[in-house]
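> The sequence and its predicted three-dimensional model are supplied below.
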Amino acid sequence: MSFDPNLLHNNGHSGFANGTSGALRETGVIEKLLASYGFIQCTERQARLFFHCSQYSGNLQDLKVGDDVEFEVSSDRRTGKPIAVKLLKVKPEILPEERITGQEVFYLTYTPEDVDGNVQLETGDKVSFSMETNKHTGAVNAHNIVLVKKKQGRCQGVVCAMKEAFGFIERGDLVKEIFFHYSEFKGNLDTLQPGDDVEFTIKERNGKEVATEVKLLAQGTVIFEDVSIEQFDGTVTKIIPKVSSKTQTDPLPGRIKVNFAISKELPFGDKDTRSKVTLLEGDHVRFNISTDRRDKLERATNIEILTDSFELTEESRELDVLSAQRNHAIRIKKLPKGTVSFHTQSEQRYFGVVEKEAAGSISKSTSPAKSKEKDSEEGVIAYDEAGIKMTVPYHIKELEGCPIPQLGDKIEFSICEVKRTGLQSAVSIKILNRSPNTKRLVGYVAALKDNFGFIETSQHDQEIFFHYSEFSGDVDELEVGDAVEYNSSKGKGNKVSAEKVAKSTTVNDPSDEVYPTVYTGKVLRPLRSVDPQQAEYQGLVEVTEEGSDEKGEVYPFGIISLANKTDCLQKGETIKFQLCTVTQTGQKLAYNATTLRRGTVDCVKDQFGFINYEVGDGKKLFFRVNEVLDGVELQPGDEVEFSVILNQRTGKCSACNVFRVSEGQKLVAAPRPDRLVHRLKSITLDDASAPKLVVVRQPKGPDNTKGFTVERKIRQAGVID
């Protein structure tokens, strides 16, 4: 609530001795009191007024919740709402000898000696007492206090609804809901949810019962009903309406007739059925009986339909999956996944030749633009069955994860038939022999981006673009360095790209012709995937010898040359490598290139850190703590060896396989400065300018005793009190 400070300009009251003035004054009780404002509950009318503490004439420390006050009513200039001003505390009338019966009032003080009998009073207890005035201080207190009636105990229930600022609790003692405000919840409101068990105190406000002091209980504490262990059989006599009517007030509209010694009907609701099968009148069912502890109401629950119900009704059961058809299905029962199948696949394997290639998208990540350009077109396979030439179609979507058949390829396959239509198609296709006329190129995956990548050719001297929609299989399983086969095509601008890309195991690996000699060299030029600005794809490495400044032989390298395909060799780095001969060109190529970098740890955070090592434009290299070998805890200054990997999608480098070579120098605490040491030596207890410790307040124990009552002891190492 807002308050206009301009209303506080007088900051006082009229000069009348009794606190009255020309304006009409009212009386009320302090209902809420905060640091700078509060609220008053009027006694003559149903109103709750705001007041600012500056409008109270007197010591604010003496003003408490429950005090009677007198005030004038004004209005806030900003909001126009009524507020209380010119507050005066009203002293209660003192009747020394008269016995008073009523609620415990906290503005009368009392001590345990004032309570008659060995009784422990609590807030809300109804008591009778006498009042007396202390002659020396003038304070009024209660004495001869007698307990009349104990307050109502704590109730339990379950939160059944939650709104914006309030909620409702279903009581555990009565079939009734009770309101509560979120300000009455004692705990973290974010953790409170419908269905939580709570306990609360019932108070009356504005003539209605509300829940106060709401606290969370352990789940399962509140139990509303008891469910029988024994199961019973019965017959459905009334079903639950499919569409709820506005006049429908019964929460348990269904009825089941059960034959006891005296037959009776038990109600049930929508949540009492277990089998999820629609119940109809006359169905035979089995169920448990639930008895409500509050009103002893019995109902049927855990209802299951018996199989003889279908025999009596002569219903036909069918297997199907959910679809958009308009046929009306009833008594739907969910079956395990895979129970319903629309196809049958032959166990026999057939052999044939591709007569027509299939066309269309082959990847799950096809872009919308490309899917419009390429319409799916089925291919044709010719095969012999009992001496008769037969043909069967196949679809490009059935080839996921396997190479794409080309015209004239010999293949092995199974035949799948649709149950409804009888249409056949080839599935589980395996290529046996490629046609001699098939022009399939081979290469290695050089880089992977967000929705495209590049393939290193078999000559290892250039890279070719390909889109993920052209890959046959799951792109997430494709990794840098994987061998693939593809077709080359020219698109817009006469640019060459790869299509019909698939993983391959037939690529000639140059490791068959690797020379055993291990060379040490220096990277003169990285791959284009590391430095996209350079025109050439291949990287270059120069052979170096220790103690020699002469330039050695220079060899090219590609993605296949790296021992770790995710490693990114930077310009100027020292590596060890072997040589191999490319079969198609006879060119010597660097192979099995490895490098171990060294650097010092700059800093270590919670789950990551940085190494002083220059990579690209950055002078510090990022690494994750889980990349540190042997679980060593690195400290700033430690010398480490590591490998550098390039994230193909983001283009950023990071360190992996981090190994600590040596520990750095431990940080030693710096000695105190001479000026501080000299200052400490020169200070004496008699020095008036020296810092002094002033005791502001003595320590106070929980029993209001001053000082330490327990003697402090020196703790011994390894000994627990």
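Cool, the structure landed. Numbering: from 1, shown residues only.
> Give me the three-state assignment for Ser469.
Using DSSP: H, G, I helix; E, B strand; the rest coil, the structure places Ser469 in helix.
> Just the pLDDT for it.
Looking at Ser469, its pLDDT reads 82.
> Now do it: how many residues are near it, please.
22 (other Cβ atoms under 10 Å). C-beta coordinates here come from the backbone N, C-alpha and C atoms, glycine included.
> One more: the one 3 residues further on?
Neighbours of Ser472 under the rule other Cβ under 10 Å: 21.
> That one contacts Ala498, correct?
No. Look at Ser472 against Ala498 with Cβ atoms under 8 Å: they stay out of range, at 11.9 Å.
> from the middle of its chain, how far away would the longest helix along the chain be?
Longest helix of the chain, by residue count under DSSP state H: helix 674-682. Mean-position distance between helix 674-682 and its chain equals 56 Å (Cα atoms, centre = their mean, to the nearest Å).
> Tell me the helix or strand right after the helix or strand bottoming out on mean pLDDT in the chain.
Sorting the helices and strands of the chain by mean pLDDT, DSSP states H and E puts helix 368-373 at the bottom, at a mean of 41. Sequence order places strand 379-385 as the next helix or strand after helix 368-373, per DSSP states H and E.
> Need the contact partners of that next one.
Here strand 379-385 makes contact (Cβ atoms under 8 Å, 6 or more residues apart in numbering) with 350-359, 389-396, 405, 411, 413, 426.
> Of those, keep whichever come out buried.
Buried members of the contacts of strand 379-385, scored by 16 or more other Cβ atoms under 10 Å, are 350, 352-354, 357-358, 392, 394-396, 405, 411, 413, 426.
> Out of these, which is nearest to Ile560?
Pro405 (26.7 Å; Cβ to Cβ).
> separation between the closest one and Ile429?
Remark: distance between Pro405 and Ile429 (Cβ to Cβ, to the nearest Å) = 6 Å.
> likewise Ser75?
Distance of Ser75 to Ile429, given as Cβ to Cβ: 87 Å.
> first to last residue in stretch 631-646, what's the distance?
Chord length of stretch 631-646, first to last residue, is 23 Å (Cα to Cα, to the nearest Å).
> Show me which residues of that stretch are buried.
Within stretch 631-646, the residues that qualify as buried by neighbour count (16+ other Cβ under 10 Å) are Leu634, Gln635, Gly637, Asp638, Val640, Glu641, Phe642, Ser643, Val644, Ile645, Leu646.
> For the first one, give me the pLDDT.
The score at Leu634 is 88. That number is its pLDDT.
> before we move on, what SS does it have?
Secondary structure, three-state DSSP: Leu634 is coil.
> Hmm, Gly609 and it touching each other?
Yes. The pair Leu634 and Gly609 qualifies as a contact (Cβ under 8 Å) at a distance of 6.5 Å.
> from memory Val644 sits against Cys568, does it?
Yes. With contact defined as Cβ under 8 Å, Val644 reaches Cys568; the gap is 5.6 Å.
> so what sits against both of these two?
Residues touching both Val644 and Cys568 (Cβ under 8 Å, 6+ apart): Cys653.
> Measure how buried Asp476 is and give me the count.
8.
> Distance check, Asn487 against Ser654.
Distance of Asn487 to Ser654, given as Cβ to Cβ: 35 Å.
> quick one, which of those two is more surrounded?
Ser654 (20 against 16).
> So which residues of the stretch 451-600 of the chain form strands?
452-457, 463-467, 483-490, 496-503, 519-525, 539-543, 554-557, 574-581, 588-594, 597-604 (DSSP state E, counting those that start in this stretch).
> again, but for the stretch 1-150 of the chain
Secondary structure of the stretch 1-150 of the chain (DSSP E, counting those that start in this stretch): strands located at 25-33, 37-42, 48-52, 68-75, 82-89, 100-103, 126-133, 140-149.
> Please apply the same query to the stretch 201-350 of the chain.
So, for the stretch 201-350 of the chain - with DSSP E, counting those that start in this stretch - the strands run 208-216, 225-227, 232-238, 254-258, 264-268, 284-292, 298-305, 343-345, 350-356.
> May I see those strands organised as a markdown table, with mean pLDDT and distance to Lys681 added?
Shown next, in a markdown table, are the strands of the stretch 201-350 of the chain (pLDDT from 0 to 100; distance: least, Cβ to Cβ, whole Å):
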| stretch | mean pLDDT | distance to Lys681 |
| --- | --- | --- |
| strand 208-216 | 92 | 59 |
| strand 225-227 | 90 | 81 |
| strand 232-238 | 90 | 94 |
| strand 254-258 | 91 | 93 |
| strand 264-268 | 90 | 90 |
| strand 284-292 | 91 | 83 |
| strand 298-305 | 90 | 85 |
| strand 343-345 | 84 | 95 |
| strand 350-356 | 87 | 98 |
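> so can I have TSV of the ones you listed showing distance to Glu553?
As requested, the strands of the stretch 201-350 of the chain are exported to TSV (distance: least, Cβ to Cβ, whole Å):
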stretch	distance to Glu553
strand 208-216	77
strand 225-227	86
strand 232-238	91
strand 254-258	90
strand 264-268	89
strand 284-292	87
strand 298-305	83
strand 343-345	58
strand 350-356	47
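> Before we move on, what's the pLDDT of Ala690?
Note for Ala690: predicted pLDDT of 65.
> show me where pLDDT drops low in the stretch 151-300 of the chain?
Scanning the stretch 151-300 of the chain for pLDDT under 70 picks out 243-248, 275-276.
> Apply 90 and report the result again.
Per-residue confidence for the stretch 151-300 of the chain (pLDDT under 90) gives these ranges: 151-155, 164-165, 172-176, 187-191, 201-208, 219-225, 238-253, 259-264, 269-285, 293-297.
> how many neighbours does the closest residue to Lys149 other than its chain neighbours have?
Ranked by Cβ to Cβ, 6 or more residues apart in numbering and with sequence neighbours excluded, the top spatial neighbour of Lys149 is Lys126, at 4.1 Å. By the criterion of other Cβ under 10 Å, Lys126 has 13 neighbours.
> who's Lys126 bridged to?
Judged by DSSP bridges, the bridge partners of Lys126 are Gln103, Lys149.
> Return the distance of it relative to Gly387.
Lys126 is 107 Å from Gly387, where distance means Cβ to Cβ.
> Same check on Gln607?
Using Cβ to Cβ, we find Gln607 at a distance of 69 Å from Gly387.
> ditto for Cys603
According to Cβ to Cβ, Cys603 and Gly387 sit 78 Å apart.
> How about Val140?
120 Å.
> between these two, who's got more neighbours?
Val140 (17 against 5).
> Please look at the more buried one and Leu108 and confirm they touch.
Yes. Between Val140 and Leu108 there is a contact under Cβ under 8 Å: 6.4 Å.
> All set, thanks.
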